[in-house]
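> no FASTA, just this:
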């Protein structure tokens, strides 16, 4: 997301813990998925100094699922030490560089037990991963690709976990449609 105007003045903003209801509100408003998981390893919010109530952005971290964690963990590293950035959301009113400021500060706030971080840039939506590159992440290449389930009214991606493991016919019966196969760019950060 491109923000016009001045760059963010780091002295006027702070990143600290945020609760799930605050995070989900921002995700519903500004993230293409419109939702998030019921769990989190950490959630950090972007706040203006002096205004502790209004959150302007969220970095939402999960423990990486086993297969992903094992593919990211370095040899000899415990795969349980891999965190996945699940959602990164910024209110459009935030000055330029707000997302990279939020992300870099959030990465510092993560527990030390997380030794590797992973996230994805969805190229289907024009996300290049510029924010990840700006905060020191390494481009690990493209995923093999998969189809996503979409809500045809909103165009938003719907989490398959919402329905559990069900046949595609049942998802179609819910009115969902599948996207074309798309690949995401994977990024890794070593702490």
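Noted; the coordinates are in hand. Since the model is a prediction, treat every value here as computed from it, not as a measurement.

> downstream neighbour of the least confident helix or strand in the chain by mean pLDDT in the secondary structure list?
When each helix and strand of the chain is scored by mean pLDDT, DSSP states H and E, strand 149-150 comes last, with a mean of 81. Next helix or strand after strand 149-150 toward the C-terminus (DSSP states H and E): helix 168-173.

> following that next one, which helix or strand comes up?
Next along from helix 168-173, by DSSP H and E: strand 177-178.

> Okay, now the sheet partners of that following strand, with direction.
Paired strands of strand 177-178, with direction, are strand 149-150 (antiparallel) (DSSP bridges).

> Name the residues that touch the strand it pairs with?
Strand 149-150 has contacts (C-beta atoms under 8 Å, 6 or more residues apart in numbering) with 156-158, 160, 171, 176-179. Heads up, the C-betas are built off the backbone N, CA and C, glycines and all.

> repeat that with 6 Å
Strand 149-150 is contacted by residues 157-158, 171, 176-177, 179 when judged by C-beta atoms under 6 Å, 6 or more residues apart in numbering.

> closest to residue 189 among the residues you listed?
Distance to residue 189 across the contacts of strand 149-150 (C-beta to C-beta) is lowest for residue 157, with 23.8 Å.

> neighbouring contacts of the host helix or strand of residue 43?
Residue 43 belongs to strand 42-48 when assigned by DSSP H and E. Applying C-beta under 6 Å, 6+ apart, the contact partners of strand 42-48 are 14-15, 18, 23, 55-61, 102, 106, 109-110.

> related to what we said a few turns ago, put the buried members of the contacts of strand 149-150 into a PyMOL selection.
Filtering the contacts of strand 149-150 down to the buried ones (16 or more other C-beta atoms under 10 Å) takes a single PyMOL command:
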select buried, resi 157+158+171+176
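
> and of the contacts of strand 149-150, the nearest to residue 93?
Of these, the one sitting nearest to residue 93 (C-beta to C-beta) turns out to be residue 157, at 24.5 Å.

> For that closest one, give the beta-bridge partners.
residue 150.

> So which elements touch the strand or helix carrying residue 56?
Take DSSP H and E as the rule and residue 56 turns out to sit in strand 55-63. In terms of contacts (3 or more C-beta pairs under 6 Å, 6 or more residues apart in numbering; DSSP states H and E), strand 55-63 is packed against helix 20-30, strand 42-48, strand 82-90, helix 98-109.

> Deepest-packed of those, please.
For the helices and strands packed on strand 55-63, ranked by mean neighbour count under the definition mean count of other C-beta atoms under 10 Å, the leader is strand 82-90 at a mean of 24.

> Report the angle between it and helix 98-109.
If you take axes from the mean of the first three to the mean of the last three C-alpha atoms, to 10 degrees, strand 82-90 sits at 150 degrees to helix 98-109.

> and residue 85, bridged to which residues?
Applying DSSP bridges, one finds that residue 85 bridges with residue 61.

> so what pLDDT did it get?
pLDDT for residue 85: 98.

> surely it meets residue 119?
Yes: at 3.8 Å, residue 85 counts as touching residue 119 under the criterion of C-beta atoms under 6 Å.
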